[in-house]
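Student: make a model of this:
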Amino acid sequence: MPTSKDPLTPVESALRRRAVRNWMIAAGVIGLLVVLGIVGAKRYAPNRPVVYQDIIEHFKYGSIGSDIENGLPLRILQVLPRMFPDYLPAGGPRNYTAFGFLQEDGRQLPIGFSVRRSYIDLAGLNCAVCHVGEVRASANDKPQMVLGMPANTVDLQAFFEFLFACAADNRFTADHIIAEMEKDGHLFFVDRLVYRMAVPQLQAGLLKVKSQLEAFMLPAHPKFGPGRVDTFNPYKVNQYSEHYPPGSLSAEERIGTVDFPAIWNQRPREGLNLHWDGNNSSVRERNFSAAFGAGATPRGVDSAAFDRVTVWLADLPPPRYPYGIFSDRNVLARGEALYKERCHACHAFGGKLIGQVDPIDSIRTDRHRLDSYTEKLAKIQLQYGEGYDWKFTHFRKTNGYANLPLDGIWARAPYLHNGSVPTLWDLLTPEEQRNGGRDFFYRGHTVYDREKVGFRTDIEEVDGRKSFRFVISEPGNGNRGHSGARYGTDLSDEDKRALIEYMKTL
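Tutor: As a prediction, the model looks like this:
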């Protein structure tokens, strides 16, 4: 019998070498799998948003959860303008700034888009997409960004119509899109497999949403245009589709287009009647409602990330008027006196009517937005969110529009709930004389009218991007109401100038 000291036979030596080699191969395979597992976990682990410590960067680019269930694949989103330039607005830039989105240098997407890792990078919308605006003194000046300001240039309807047109095109295939993506850098083979599944899923999702929104975005429906959106009708046909089968929307409720609101200085607004029609008095509920409008879902909304923005907005100060206040103290004193006489009760914090709903028969502004929010919708919303800490409990149907605070009023133009009055001067003009009696004006650009306080009405194009022709006579776009002695339209021109100068300071 051989001992441990005896030399191995050739057969035994061969068997031992094979065993060592097998163990080395096995160890190598295990090591490779571990490395691939680590890399794969890092590369493909789901639900890992890009996080920003700075609150302003978080506001502009952080996730609120809309990029989970309704996220758009980032790499696909980036190539669509190149693949389908014919669906971009005519004459504008060949990228997403064509829709008025604000693009900062070094960023892969505009302000208002978040990015999340979920097998592949997904992009979603956040609060900033509707609440960051720009102003400039002339078309040749550099725009000044204002956080919390209505996104006066952003045309969400045009953006989504672009996505829908791309999805309906026969070039929207995995082969075409992956080939275009490869131009930006070689795709890992697993990525290509994932995108082969993602492209048809994205296409089906976009076409489904298109069919839902067509329930109220009919050819006869006026375009939203930049700075505006229909707030609640998308809820009816999307989140609440089981309550609103096709064809169930009445003609009276199909048009609910309003301007994006300003969102600074939220703390003193708690308890006031919020939204344009005052249908909710809870700031947090109003904010979560907006998050769902941006694409978040009850399961996916990131409450912690969203609450970071809510806390920051509570004390975000209104922006200062950037072009100087008239220096004559007598003029400002006269303006302040007029403000206290004509505006304070309804529009100043502490005023006896602040946040109250002014009945439609009294204010007489365009009633389409009021009629679009129905008793039925209020009841549905009160049932929404059962089991979540944000469950809606404050929604109600009202009979008019709420008296809102005027802090930062210079940056909220155009005015009235539907953005139909371009300047403060026009708002203080008798209703039949507003906008010089003309039926349209241009909006969606950034050139400010320092004399009338609002945006210039005659600017047809800036930086190659065409302005939007807002037609007052179209349904939902009426500029009447908020007129008469109660609202200051009877004042002399001198008094109107003084009042406007003082309002610049709010």
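
Student: report the beta-bridge partners for R465.
Tutor: Under DSSP bridges, the beta-bridge partners of R465 are V462.

Student: mind pulling up the pLDDT for it?
Tutor: Per-residue pLDDT puts R465 at 91.

Student: OK, contacts around S303?
Tutor: 389-390 (Cβ atoms under 8 Å, 6 or more residues apart in numbering). For the C-beta atoms, the positions are set from N, CA and C on the backbone; glycine is no exception.

Student: for it, give its distance to R284.
Tutor: 10 Å (Cβ to Cβ, to the nearest Å).

Student: who touches both of these two?
Tutor: Overlap of the contact sets of S303 and R284 (by Cβ under 8 Å, 6+ apart) consists of W390.

Student: where does A305 land in three-state SS?
Tutor: helix (DSSP: H, G, I helix; E, B strand; the rest coil).

Student: does it touch G62 like I think?
Tutor: Yes: taking Cβ atoms under 8 Å as the definition, A305 is a contact partner of G62 at 5.8 Å.

Student: which neighbours do these two have in common?
Tutor: Counting by Cβ under 8 Å, 6+ apart, the residues touching both A305 and G62 are P49.

Student: which one's more surrounded, these two?
Tutor: G62 (24 against 19; other Cβ atoms under 10 Å).

Student: run a quick neighbour tally on the spatially closest residue to D426 that is not a sequence neighbour.
Tutor: Spatially, and ignoring its direct neighbours in sequence, D426 is nearest to R434 (4.6 Å; Cβ to Cβ, 6 or more residues apart in numbering). The number of residues packed near R434 is 25, by other Cβ under 10 Å.

Student: and R434, what is it in contact with?
Tutor: Neighbours of R434 in contact, by Cβ under 8 Å, 6+ apart: 421, 426-427, 479.

Student: widest-spaced pair of the residues you listed?
Tutor: L427 and N479 (9.3 Å; Cβ to Cβ).

Student: between these two, what contacts are shared?
Tutor: Overlap of the contact sets of L427 and N479 (by Cβ under 8 Å, 6+ apart) consists of 416, 421, 434.

Student: okay, those in TSV with distance to A291 and pLDDT next?
Tutor: TSV is the format used below for the shared contacts of L427 and N479 (distance: Cβ to Cβ, whole Å; pLDDT from 0 to 100):
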residue	distance to A291	pLDDT
L416	26	97
V421	29	98
R434	35	96
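
Student: which one of those residues is nearest D407?
Tutor: The closest of the shared contacts of L427 and N479, once distances to D407 are taken by Cβ to Cβ, is L416, at 17.3 Å.

Student: which non-adjacent residue is nearest the closest one?
Tutor: The spatial neighbour of L416 that comes closest, neighbours along the chain excluded (Cβ to Cβ, 6+ apart), is T365 at 5.6 Å.

Student: dump the residue contacts of that neighbour.
Tutor: Contact analysis of T365 by Cβ under 8 Å, 6+ apart lists 401, 416-418, 478, 480-482.

Student: format those as a markdown table; extra columns: distance to N70.
Tutor: A markdown table is the format used below for these (distance: Cβ to Cβ, whole Å):
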| residue | distance to N70 |
| --- | --- |
| Y401 | 30 |
| L416 | 31 |
| H417 | 27 |
| N418 | 27 |
| G478 | 33 |
| R480 | 38 |
| G481 | 36 |
| H482 | 37 |
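
Student: residues near G436, how many?
Tutor: With other Cβ under 10 Å as criterion, G436 counts 9.

Student: for it, helix, strand, or coil?
Tutor: helix.

Student: and for F188, the neighbour number?
Tutor: F188: 11 neighbours (other Cβ under 10 Å).

Student: that one and A498, how far apart?
Tutor: 66 Å.

Student: one more: G91?
Tutor: Counting by Cβ to Cβ, the separation of G91 from A498 is 41 Å.

Student: quick one, which of these two is more surrounded?
Tutor: More neighbours surround A498 than the other of G91 and A498, with 24 against 10 (other Cβ under 10 Å).

Student: the more buried one and Y339 touch, don't they?
Tutor: No: using Cβ under 8 Å, A498 is not in contact with Y339, being 9.3 Å away.

Student: distance from stretch 490-498 to the middle of the chain?
Tutor: 36 Å (Cα atoms, centre = their mean, to the nearest Å).
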